[in-house]
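Undergrad: With the sequence up front, the predicted model follows.
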Amino acid sequence: MDAPPSLGVGTAPPTVEGLLGRFPQEAPPVLIAGAAVTIVLREGAREVETLLIERTVNPTDLASGQVAFPGGRVDDGDGSLLATALRELEEEVGVTRADLAGEPRFVGTVPALRFHLTVGVFAASLGADGKPPTPRSSGEVAHVFWLPRSALATTQHVHRETAYGLAEVNATAFEGHVLWGFTRRVIRDFFGLPVEDVVAGPLFASQPRTNPMPEG
């Protein structure tokens, strides 16, 4: 049975297959980023949904309490950016390569100004028989949830501590979770929604990028 179309949010294709099909199955360039994240997708009951985590509140963590993609910094022993993405995916939410419906696609690189990093972005679909993601470490991940694509249609304004100090920022709220900043810019761009923030995110094309883009 075909998945229903998304609810008109963004210009990107309405199905997981169409979204992933924009990016070729090829390895990313080596040593292009200091961290990696994975956009994990699934066909929900009505539309495409994206896996997100809410990080545990920790005063020593710059991302304390924030909503994010599963991911993290490159370790010396990873060997590749994809290895980083897959390791972090398993460590944070218990999802392994075997739980995915195919190899993750390399989407591109994105500057994360607050963390002084360039981040490699991958995208993949959770397999039909893949185990449900769950927090693996309470010290890192407090919650996991699936964000429906239609939630991105509404913008709220919240005050958050940014790289420029306390500021009013654009945000998406869903079931008590507040998505803003880097992760929100990446997910909106992935679904073909216009950039709203002063600090512009990437503009993903049909081919992956190999060079980091400057913050605007």
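TA: Cool, got the structure.
Undergrad: ok, T38 touching P104?
TA: Yes - judged on CB atoms under 8 Å, T38 makes contact with P104 at a distance of 6.0 Å. To be clear about C-beta, it is placed using only N, CA and C from the backbone, and glycine gets the same treatment.
Undergrad: Now do the shared contacts for the two.
TA: Common neighbours of T38 and P104, counting by CB atoms under 8 Å, 6 or more residues apart in numbering, are A85, L86, F122, A123, A124.
Undergrad: What subset of the residues you listed is buried?
TA: Buried members of the shared contacts of T38 and P104, scored by 16 or more other CB atoms under 10 Å, are A85, L86, F122, A123, A124.
Undergrad: how long is stretch 121-141 from one end to the other?
TA: 19 Å (CA to CA, to the nearest Å).
Undergrad: Let me see the mean pLDDT of that stretch.
TA: Averaging pLDDT along stretch 121-141 gives 93.
Undergrad: sorry, back to before: name the residue in T38 and P104 with the higher neighbour count.
TA: Per other CB atoms under 10 Å, whichever of T38 and P104 has more neighbours is T38, with 27 against 24.
Undergrad: Sheet-wise, list the partners of the helix or strand hosting that one with their directions.
TA: Secondary-structure assignment from DSSP states H and E places T38 in strand 35-43. Next to strand 35-43 in the sheet, as set by DSSP bridges, lie strand 48-55 (antiparallel), strand 71-73 (antiparallel), strand 117-125 (parallel).
Undergrad: among the buried ones among the shared contacts of T38 and P104, which two are most distant?
TA: With CB to CB as the measure, no two of these lie farther apart than L86 and A123, at 12.9 Å.
Undergrad: mind showing which ranges of this structure have poor pLDDT?
TA: For the chain, applying pLDDT under 70 flags the ranges 1-8, 29-31, 57-64, 163, 198-216.
Undergrad: Go again with 50.
TA: For the chain, applying pLDDT under 50 flags the ranges 1-6, 200-216.
Undergrad: for it, what spans make up the strands?
TA: Remark: strands assigned in the chain by DSSP state E are 35-43, 48-55, 67-68, 71-73, 105-112, 117-125, 141-148, 156-162, 165-174, 177-180.
Undergrad: Need the residues that contact the longest one.
TA: With contact meaning CB under 8 Å, 6+ apart, strand 165-174 is reached by 145, 147-148, 151-152, 154-160, 162, 178-181, 184, 196-197.
Undergrad: Give the buried subset of those residues as a PyMOL selection command.
TA: Filtering these down to the buried ones (16+ other CB under 10 Å) takes a single PyMOL command:
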select buried, resi 145+147+148+151+152+162+178+179+180+181+184+197
